[in-house]
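Enquirer: Predicted model follows, preceded by the sequence.
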Amino acid sequence: MEQTDVIIAPIITEKSMAQAAKGSFTFLVAKSAGKKLISTVVAKQFKVDVIDIATLIMKGKRTRAGKRRTEVVQSPFKKAIVRLAAGQKIDLFEMPGEEDKKKDTKKETKKEIETKKEKKA
């Protein structure tokens with residue numbers, strides 16, 4: 001199996017974004033891919049250190065669609081939750097404008113406030 005065929009897409013949901021903030025990233029992967037293969041591909045492709053991987057095969061769901069409400073079956077798929085070393089992240093999971101919020105919400109320390117007061121006086 002080619003390395004480009006292992007990771008199909010990132011899974012971006014509210015839950016996966018909350019996990020991404022804690023260092024766990026979720027991907028849709030090929031059904032035949034094993035944990036070791038997924039680990040090596042993620043490490044090479046995103047240049048990160050993989051600590052742990054959990055894989056799940058999600059059951060396909062049946063939904064009704066169309067005017068006649070015919071039953072449509074979603075295919076089952078495999079997803080991998082990849083935990084990275086502390087401080088590492090994957091840019092695919094970064095929300096736009098997230099960096100701007102971090103810069104704006106910086107709190108001033110007591111020393112910075114005191115130095116500003118001294119400069120004014």
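Expert: Cool, the structure landed.
Enquirer: Can you name the next helix or strand after the lowest-mean-pLDDT helix or strand in the chain?
Expert: In the chain, no helix or strand scores lower on mean pLDDT, DSSP states H and E than helix 98-104, which sits at a mean of 54. Going down the chain from helix 98-104, the next helix or strand is helix 110-120, by DSSP states H and E.
Enquirer: contacts for that next one?
Expert: Residues from elsewhere that reach helix 110-120 (CB atoms under 8 Å, 6 or more residues apart in numbering): none. C-beta here means a position set from N, CA and C on the backbone, and glycine is covered the same way.
Enquirer: got it, and stretch 34-49?
Expert: With CB under 8 Å, 6+ apart, stretch 34-49 has contacts from 1, 3, 6-7, 27, 29, 33, 50, 53, 55, 80, 82, 84-85, 88-91.
Enquirer: Give me the pLDDT for G34.
Expert: Looking at G34, its pLDDT reads 95.
Enquirer: how near is it to T40?
Expert: Per CB to CB, to the nearest Å, G34 is found 10 Å from T40.
Enquirer: Can you list the buried residues in stretch 76-96?
Expert: For stretch 76-96, burial by neighbour count (16 or more other CB atoms under 10 Å) applies to 77-82, 84, 90, 93.
Enquirer: Could you do stretch 46-62 as well?
Expert: 46, 48, 50, 53, 55.
Enquirer: all strands of the protein, in order?
Expert: Here the chain has its strands, by DSSP state E, at 7-10, 24-29, 50-58, 62-65, 70-73, 77-84.
Enquirer: Using a markdown table, lay out the ones you listed together with distance to E114 and mean pLDDT.
Expert: What follows is the strands of the chain, written out as a markdown table (distance: least, CB to CB, whole Å; pLDDT from 0 to 100):
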| stretch | distance to E114 | mean pLDDT |
| --- | --- | --- |
| strand 7-10 | 45 | 95 |
| strand 24-29 | 40 | 96 |
| strand 50-58 | 42 | 97 |
| strand 62-65 | 62 | 94 |
| strand 70-73 | 65 | 94 |
| strand 77-84 | 39 | 97 |
